[in-house]
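*Asks:* Sharing a model that was predicted from the sequence below.
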Amino acid sequence: MNHFLDIHKTGATDLRAMIDSAREMKAARDGLPKGTPDASQPLAGRMVALIFEKPSTRTRISFDVGVRQMGGQTMVLSGADMQLGHGETIADTARVLSRYVDLIMIRTYEEQTLLEMAEYATVPVINGLTNRTHPCQIMADVMTFEERRGAIAGRKIVWCGDGNNVCASWLHAAGQFGFDFTFSGPETLDPEPSFIGAARKQGARITIERDPARAVEGADVVVADTWVSMHDSQSSKERRHNQLRPYQVNEALMARAKPDALFMHCLPAHRDDEVTSAVMDGPHSVVFDEAENRLHAQKAVMRWCLGV
């Protein structure tokens with residue numbers, strides 16, 4: 001049984017096969033109306049539970065549409081519906097759900113919730129996001145880069161801002177896909193040392209550069225993410241803004257990267273905080289390609305999990 005819990009927990013060969021599959025499925029849909037079913041129906045007769053403890057736009061819609069395109073059905077459940085870990089244990093919830101559905105995707109806060117769900121489920125479990133990692137997003141990002149610029153191996157990816165869950169999954173991907181990764185942000189918001197160490201152990205060149213102007217020199221991709229999370233307090237938001245203002249991605253910063261560098265952001269973006277509208281809407285930006293590719297990459301992940 002194949003769980004998709006984190007990029008570094010999935011073999012590099014399997015990751016590459018998923019990216020290739022995603023591109024093939026996307027190409028096969030070129031020009032078709034959005035509601036057209038895929039020619040092959042690999043999820044026909046399958047039921048997929050989509051669990052959201054955290055609010056979602058892209059994850060919910062892309063998984064739901066992806067399952068439907070592949071002939072399956074979805075059951076969308078909120079944290080309020082499930083009350084995960086309150087009354088009934090996560091382990092018991094996993095056991096029960098496994099009797100009803102063929103696949104579980106969960107978007108949650110604590111990583112332990114995801115891990116316990118996977119430990120006790122008897123069907124595959126997909127990490128739709130936790131506070132520590134966001135692997136589905138980075139699969140879409142790798143796909144997006146390679147559509148535009150070819151193989152990502154050996155390229156320079158620069159992260160500007162907070163070493164958060166998306167940053168963590170970029171670090172995991174650096175080891176698996178073989179690209180260089182530079183983090184530029186305040187020391188107080190560094191990525192977890194274990195994530196950096198694991199990527200280096202796999203041979204990836206990981207650099208910490210506090211000066212964003214120096215960090216982006218020679219960059220193939222510049223990546224940003226929101227500076228605050230929806231559950232942050234007002235005082236925490238203010239502290240983060242004060243720390244992260246020097247790391248805003250603007251036109252002057254992008255000009256120091258390669259002329260054909262891409263700008264990425266997982267969305268939603270707070271325009272003119274972590275990135276200016278001029279960059280978001282400019283020629284370097286591929287943010288809406290990334291959003292679209294969530295659909296195709298996650299379809300490939302689901303097929304891999306189910307072996308179909």
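*Replies:* It's in. Numbering: from 1, shown residues only.
*Asks:* what's the distance between the nearest residue in space to Val123 that is not next to it in sequence and Met47?
*Replies:* The shortest distance from Val123 to any residue other than its chain neighbours is 4.9 Å, reached at Ser98 (Cβ to Cβ, 6 or more residues apart in numbering). Where you see a C-beta, it was placed from the backbone N, CA and C, and this is true even at glycine. Note on Ser98: its distance to Met47, by Cβ to Cβ, to the nearest Å, is 11 Å.
*Asks:* These two: which is more packed in?
*Replies:* Ser98 (19 against 15; other Cβ atoms under 10 Å).
*Asks:* Next one: that one, what pLDDT does it get?
*Replies:* For Ser98, the pLDDT comes out at 98.
*Asks:* Give me the residues contacting the helix or strand encompassing it.
*Replies:* Taking DSSP states H and E as the definition, Ser98 sits inside helix 90-100. Contacts to helix 90-100, defined as Cβ atoms under 8 Å, 6 or more residues apart in numbering, come from residues 47, 49, 75, 82, 84, 88, 104, 113, 116-123, 125.
*Asks:* which residues of the stretch 101-250 of the chain fall in helices?
*Replies:* In chain order, the stretch 101-250 of the chain shows helices spanning 111-120, 135-149, 165-177, 193-201, 212-215, 234-244, with DSSP state H, counting those that start in this stretch as the criterion.
*Asks:* and of these, who's closest to Val65?
*Replies:* Distances from Val65 to each of these were compared by Cβ to Cβ, and the smallest falls on helix 135-149, at 13.8 Å.
*Asks:* Tell me which residues of the closest one come out buried.
*Replies:* 135-146, 149 (16 or more other Cβ atoms under 10 Å).
*Asks:* same for that helix, what does it pack against?
*Replies:* helix 12-28, strand 125-129, helix 165-177, strand 262-265, helix 287-306 (3 or more Cβ pairs under 8 Å, 6 or more residues apart in numbering; DSSP states H and E).
*Asks:* Let me have those in TSV, extended by mean neighbour count and distance to Val223.
*Replies:* Converted to TSV, the helices and strands packed on helix 135-149 look like this (neighbours: other Cβ atoms under 10 Å; distance: least, Cβ to Cβ, whole Å):
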stretch	mean neighbour count	distance to Val223
helix 12-28	16	18
strand 125-129	26	16
helix 165-177	25	7
strand 262-265	26	5
helix 287-306	22	10
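*Asks:* could the ones you listed go into a markdown table alongside distance to Thr188 and mean pLDDT?
*Replies:* Written out in a markdown table, the entries for the helices and strands packed on helix 135-149 read as follows (distance: least, Cβ to Cβ, whole Å; pLDDT from 0 to 100):
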| stretch | distance to Thr188 | mean pLDDT |
| --- | --- | --- |
| helix 12-28 | 32 | 98 |
| strand 125-129 | 23 | 98 |
| helix 165-177 | 14 | 98 |
| strand 262-265 | 22 | 98 |
| helix 287-306 | 27 | 98 |
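*Asks:* Any regions of the stretch 51-200 of the chain where pLDDT drops low?
*Replies:* 85 (pLDDT under 70).
*Asks:* before we move on, the earlier item: give me the buried positions along the helix holding Ser98.
*Replies:* For helix 90-100, burial by neighbour count (16+ other Cβ under 10 Å) applies to Ile90, Thr93, Ala94, Leu97, Ser98.
*Asks:* for stretch 271-278, same thing?
*Replies:* Of the residues in stretch 271-278, those with enough neighbours to count as buried (16+ other Cβ under 10 Å) are Asp273, Glu274, Val275, Thr276.
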